[in-house]
Each structure stands twice: as structure tokens, then as C-alpha cells.
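Quick one, fold the following:
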Amino acid sequence: MVPKQLLPFVGVGIVVVGILVAALFWVQRGAHLELEGSIQKVRTLAVEEAASIAVLDFRFVNSADYPFVVRDVTVSLEDWQGQILEGAVVSEVDARRLFQYYPRLGQKFNDTLVARTRIAPHQTMDRMIAARFEIPEKRLPERRRLRIRVEDVDGPVSEIVENGR
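Numbers count the residues shown, from 1 in each chain. Modelled structure (predicted):
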């Protein structure tokens, strides 16, 4: 038990420690390196009977106080049964050709998110990614969700997941 004459000092000490902890969290708020965003549009194309392309237009922001430099980008699909299918990501040059040869895809609005892309602190970007999946195009609309995984050169990984499915 604390003597009664020490209670005010203990109370002040607890308040001071609480303020210091809150200040520490406040100072570190921008240190968590993560991209936050959403998939805006998904377009699909059958390239073979058992293979298709999904083109994902997405928007994201680097909410950290530090730059995010892309090491790798992958795309996966979760089908209606919960099975995860990895897509083969299409390069920027090949994506341009896809849009040129297949006008059904529409206009190419954004550049492809590629390795070594530097995203400045608090910067918002619109990008796209195209991936080939070894499933028929008719199965793409039956998916649960698409997921874009972006890895930073220093290790942190961010995921942008399709909503509304």
C-alpha cells in the first residue's frame, strides 16, 4: 500500500509516463511502410481455351514517411472454392501489345507497376497490372477475389485486395 502523502506523486508519474508513451506512438506513426489501396477495375480476355488474362487497374497511397521501392509484384486469384491460383505477371512491353492487338480490352489508362518503381512518402498513384491465369475466361467472374502483392526492396510486403466479392 502506498502512503497517502505519496499518492499525488504516483498519480503525476503515471500521467507523465502515459504522455511519454502517447508521444512515442505519435512520433512513430509514419514509420510503418505499407501501401494502402484498392482495385478500381478488372478487365478479362480469353487468350486460349484454357487460359485468360486479367487486367487490374488500381490506386494506392504510400502512407509512410519513407519511400517504398518495389522489388516484386505478384497477382493471385482466389476461386469460388477457395483455391489460390498464381498469375504470370505480364511485362509493360507485353501489356502495351495486349492493348494494341486486343481492342476489346479498351484503353490502357495507367502504366504497369514494375520493379524499381519508387513511391515517394504520402504519394498516391494509379497503376495497372496484367496477369495470365491458366483457367478459362468464363471462370474469372466466378472468383472470390484478386490480390496484388507488392514487396519493398527492404522486405515489407503490402497487399491490395479486391473488395465487393
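
Just give the closest residue to residue 136, not the sequence neighbours.
residue 50 (5.7 Å; Cβ to Cβ, 6 or more residues apart in numbering). Yep, even glycine has a C-beta here, placed from its N, CA and C like the rest.

do residue 158 as well
residue 35 (3.8 Å).

Test of understanding: give the bridge partners of that neighbour.
Per DSSP bridges, the residues bridged to residue 35 are residue 62.

can I see the domain layout of this protein?
1-30, 35-161 (automatic domain parsing).

Give me the contacts around stretch 42-55.
Under the contact criterion Cβ atoms under 8 Å, 6 or more residues apart in numbering, stretch 42-55 has outside partners 56-57, 75, 77, 87, 90, 95, 98, 102, 104-106, 128-137, 139-141, 146, 162.

which strands and helices sit next to the worst-scoring helix or strand of the chain on mean pLDDT?
Using mean pLDDT, DSSP states H and E, the weakest-scoring helix or strand in the chain turns out to be helix 7-27, at a mean of 76. Taking 3 or more Cβ pairs under 8 Å, 6 or more residues apart in numbering; DSSP states H and E as the contact definition, helix 7-27 has no neighbouring helices or strands.

quick revisit: mind checking which of the contacts of stretch 42-55 are in strands?
The strands, defined by DSSP state E, take in 56-57, 75, 77, 128-133, 146 from these.

just for this protein, where's the confidence low?
1-2, 23-32, 164-165 (pLDDT under 70).

what ranges do the helices span in it?
7-27, 92-101 (DSSP state H).

Redo these as JSON lines? Include mean neighbour count and distance to residue 120.
Below are the helices of the chain laid out as JSON lines (neighbours: other Cβ atoms under 10 Å; distance: least, Cβ to Cβ, whole Å):
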{"stretch": "helix 7-27", "mean neighbour count": "10", "distance to residue 120": "21"}
{"stretch": "helix 92-101", "mean neighbour count": "14", "distance to residue 120": "20"}
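
and those as a markdown table, adding distance to residue 42?
Formatted as a markdown table, those follow (distance: least, Cβ to Cβ, whole Å):
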| stretch | distance to residue 42 |
| --- | --- |
| helix 7-27 | 37 |
| helix 92-101 | 14 |
